[in-house]
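Trainee: Starting from these lines, generate the structure:
(2 chains)
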2 protein chains.
Amino acid sequence: MRPTVVIVGAGFGGLRAARALRRAPVDVILVDRNNYHLFQPLLYQVATAGLEPEEIAKPVRAILRRQKNLEFRLLEVTGIDFAARRVLTSDRPIPYDYLILAVGARTSYFGLEDVARHGFGLKDIPDAVRLRNHVLECFERGMLEADPERRRARLTFVVVGGGPTGVEMAGALSELVRLVLVKDYPRLNLKDVRILLLEAGDRLLAAMPPRLSEAAARTLWKKHVEVRHGATVSGYDGTSARLTSGEIIPAHTLVWAAGVQVADLVGRLGVPTARLGRVPVEPTLQLAAHPEVFVVGDAAYLEAGHNPLPMMAPPAMQMGETAATSIRRLIDGKAAVPFRYRDPGTLATIGRNAAVARIRGISFTGFPAWVVWLVVHIIQLIGFRNKLFVLINWAWDYFFYDRAVRLITWWDRHPNPESRP
Amino acid sequence: MRPTVVIVGAGFGGLRAARALRRAPVDVILVDRNNYHLFQPLLYQVATAGLEPEEIAKPVRAILRRQKNLEFRLLEVTGIDFAARRVLTSDRPIPYDYLILAVGARTSYFGLEDVARHGFGLKDIPDAVRLRNHVLECFERGMLEADPERRRARLTFVVVGGGPTGVEMAGALSELVRLVLVKDYPRLNLKDVRILLLEAGDRLLAAMPPRLSEAAARTLWKKHVEVRHGATVSGYDGTSARLTSGEIIPAHTLVWAAGVQVADLVGRLGVPTARLGRVPVEPTLQLAAHPEVFVVGDAAYLEAGHNPLPMMAPPAMQMGETAATSIRRLIDGKAAVPFRYRDPGTLATIGRNAAVARIRGISFTGFPAWVVWLVVHIIQLIGFRNKLFVLINWAWDYFFYDRAVRLITWWDRHPNPESRP
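Mentor: Below is the predicted model of the structure:
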């Protein structure tokens, strides 16, 4: 009887673990509540009409079709019975011998309920499409607005959070407006459009060297993004943002890229958690109390040097690999191996020919960084078809100064049939 | 002062009229409640995971960007004040000198409210994406279903209506299952999957010669679609369809391609209407009581020979052209011209290498018809980018027996932020 490995989550960590177990003498059951693997780092391009959502996602079954020892189940996981070694789901429970929790993170609004209600997160495809629809709608309605103050409020976009997502979002939004929409709306006065990037700390991209933070801020300023340091949002009602300084910014759009926390499931497991809901793990990624359970990716709390590992794709993928290796070793009666993070560097793009990069300790900016960013992202996208379509899209947009996906698809305005049994 | 032409609707008729007025001495205001023109004839391919919705739609502003005498407004039209010559909208009213109503049609359930609630129409992008999500979900859930009867009900797909949409939908659905999904679900027993095509009349594609109807039915049978003639649906509760014969068909999916009627707006205009809510027009497409108002496309009722013109793209486009010509002539003090329909032929595809066609009185089937279908549809798609992406997609799917867009994007499961002011 082969042991069963259940993997919860088909993100970067879970998918990598599943693949690393393809020749192991185990039955793998991979569970996710979506039927696709999503390449989250390019979500902001969906939100800014550059890519179609289908191009950065791929069905899990298509990815893992040839892996004979794997079964995929589309399920919501509701809990874990660690004592009985069963994953509880919206369907029947799934017994496991080994469990890999790769549940990922969701947007965290730090308790700001009005921001959660009226602002836009950016963690999944529906988030991105909703934001795209909304941004385009702001321009349509702004153009019909006779009152100049109200028009400016409709055309003001506040991006909160100066990490890679916020920086890339603000840059892409500026290019969408100044390279593309300006041609769609001949009567648009660019002075009515404001894009603000609010960072609570004193520099953007805090994980990068200060030189790169400055380069990013400078490039954004050139793209007419108002970068504010030390600016913290305390509330948002859908039409104006309130800062802790008391300042009020009239804006119909607030994109929240300021924080994430571990997916809700983890909070219900009864395991101790650290900051942002992450689960402290042994150096081998095992739970101390349950060595047959591994936690990988955003959900795992582990320090490298003196800092917690970042909640990003590279640690998740490497952890998935390590967990799979350890499970193979445990089955052979050997010990689990400790996780060692190999930092592949960090990258953020700000627009055409503009990016910042730090790879193997070397910082660089501008066109070289932008080319590296392009190549790295194309390589990492899963599936030849997705690579091809993204590449064509990027080439098209680059040469024609276009963003072709400028559709307002009002899913939510159409009556939904009742949910089916 | 140049006269203002208001065009309501950016479908085939409205768009063609707008373009035909590009050099006329008029100001054109084009109004639509969507910001895109949709190529409806390929919607069924979105519903069967073959195409991405963005590939068959293009933003109206992008299409008409270079037309200097045109302004697009994203608005819902709420009524027409014929006496004051104003289009009433969700925003301010728009005065017109000439009006072209090109409002199109929507799905008609002929008063079957439970079918409207639980069945799937196929007239707009949200319809198609919802159907795609649902079909894929039926397979995911079907695979988890232990009870064989319930599993079969989840894997039974009823398509109602033997017109081109129903025939193409049934054929595409069968290929999705038998060429693609069968590889995704190694445990799927194809005997559990049923696809039915129900036609109330005694043959499919009633607008085509009987020989082609028979060819279509034969091809569908080869693809394991159960074609039923003389079968009329009287009710559907989401899990089983009831026929007027009393037969009950357990099925979690019912696609309604059995009828359309003119968009609701027309019913509120106080003009006399004919069958399916269509507006009887003069041979010049003018309203008898308001010669400055033209009705084109699905909304216009006009007979050619003894039959009403079909509610399809070719008459709509030709009518748009004729209305624009007449408006130019009226401005010059000449008379409006009568509409003359030039039938370009009809086509329907049933799957790989299989189609039926009737062009210039010549009927043909099989591979030649399929090639003609491909070429005609690629040519008619608006925009080079859309043509390119659809072509790559079709080539990919043809050679790799794939449908790449197998994503379940549960827009409606995610909480929507409150609608914004």
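Trainee: What is the neighbour count of the closest residue to chain B within the stretch 251-400 of chain A?
Mentor: Minimum separation of the stretch 251-400 of chain A from chain B (Cβ to the nearest Cβ) falls at A:Arg385, amounting to 5.3 Å. All C-beta spots, glycine's among them, are computed from the backbone N, C-alpha and C. Burial measure for A:Arg385: 21 neighbouring residues, criterion other Cβ atoms under 10 Å in any protein chain shown.
Trainee: Show the pLDDT at it.
Mentor: Each residue has a pLDDT score; the one for A:Arg385 is 89.
Trainee: what about the helix or strand of chain A with the lowest mean pLDDT, distance to the chain center?
Mentor: None of the helices or strands of chain A scores lower by mean pLDDT, DSSP states H and E than strand A:303-304, at a mean of 88. Computed by Cα atoms, centre = their mean, to the nearest Å, the separation of strand A:303-304 from the middle of its chain amounts to 21 Å.
Trainee: And what about the residue of the stretch 251-400 of chain A closest to chain B, helix, strand or coil?
Mentor: Three-state assignment for A:Arg385 (DSSP: H, G, I helix; E, B strand; the rest coil): helix.
Trainee: is it true that it touches B:Arg406?
Mentor: No. Because the distance of 11.7 Å does not satisfy Cβ atoms under 8 Å, A:Arg385 is recorded as not touching B:Arg406.
Trainee: quick one: low-confidence parts of chain A?
Mentor: Low-confidence segments of chain A (pLDDT under 70): A:410-421.
Trainee: Now do the helices in it.
Mentor: Along chain A, the segments classed as helices by DSSP state H run A:12-20, A:43-47, A:60-63, A:113-118, A:125-144, A:148-154, A:164-175, A:182-184, A:210-222, A:264-267, A:313-331, A:366-380, A:384-400.
Trainee: nearest to A:Asp32, of those?
Mentor: For the helices of chain A, distance to A:Asp32 was read as Cβ to Cβ. The smallest value, 6.3 Å, belongs to helix A:60-63.
Trainee: So which elements touch the closest one?
Mentor: Where contact means 3 or more Cβ pairs under 8 Å, 6 or more residues apart in numbering or on different chains; DSSP states H and E, helix A:60-63 is packed against strand A:36-38.
Trainee: Partner strands of the strand it packs on, with direction?
Mentor: Paired neighbours of strand A:36-38 in the sheet (DSSP bridges): strand A:57-59 (antiparallel).
Trainee: who does the nearest residue to A:Trp221 once chain neighbours are set aside bridge with?
Mentor: When the adjacent residues along the chain are set aside, A:Trp221 lies closest to A:Val227, with 6.2 Å between them (Cβ to Cβ, 6 or more residues apart in numbering or on different chains). With beta bridges defined as DSSP bridges, A:Val227 has these partners: A:Leu197.
Trainee: so A:Leu243 touches A:Ala231, yeah?
Mentor: Yes. Counting by Cβ under 8 Å, A:Leu243 does reach A:Ala231; the two are 5.7 Å apart.
Trainee: Name the residues contacting each of those two.
Mentor: Residues touching both A:Leu243 and A:Ala231 (Cβ atoms under 8 Å, 6 or more residues apart in numbering or on different chains): A:Leu198.
Trainee: Pick out whichever of these two has more residues nearby.
Mentor: Counted by other Cβ under 10 Å, A:Leu243 and A:Ala231 do not tie: A:Ala231 has more neighbours, with 22 against 17.
Trainee: OK, contacts around the more buried one?
Mentor: With Cβ under 8 Å, 6+ apart as the criterion, the residues that contact A:Ala231 are A:198-200, A:243, A:245.
Trainee: Among those, which one lies nearest to A:Pro314?
Mentor: Comparing those against A:Pro314 with Cβ to Cβ picks out A:Glu199 as the nearest, at 23.0 Å.
Trainee: Apart from its chain neighbours, what residue comes closest to the closest one?
Mentor: In space, A:Glu199 comes closest to A:Gly162 once its chain neighbours are excluded; the distance is 3.0 Å by Cβ to Cβ, 6+ apart.
Trainee: Could you check how many residues crowd around the one you found?
Mentor: A total of 29 residues lie near A:Gly162 under the criterion other Cβ under 10 Å.
Trainee: mind giving me the domain split of chain A?
Mentor: Domain ranges of chain A: A:4-33+A:75-107+A:260-331, A:113-258, per automatic domain parsing.
Trainee: Which one, of those, ends up nearest to B:Leu38?
Mentor: In this view, those are compared for proximity to B:Leu38 by Cβ to Cβ, and domain A:113-258 is the closest at 15.5 Å.
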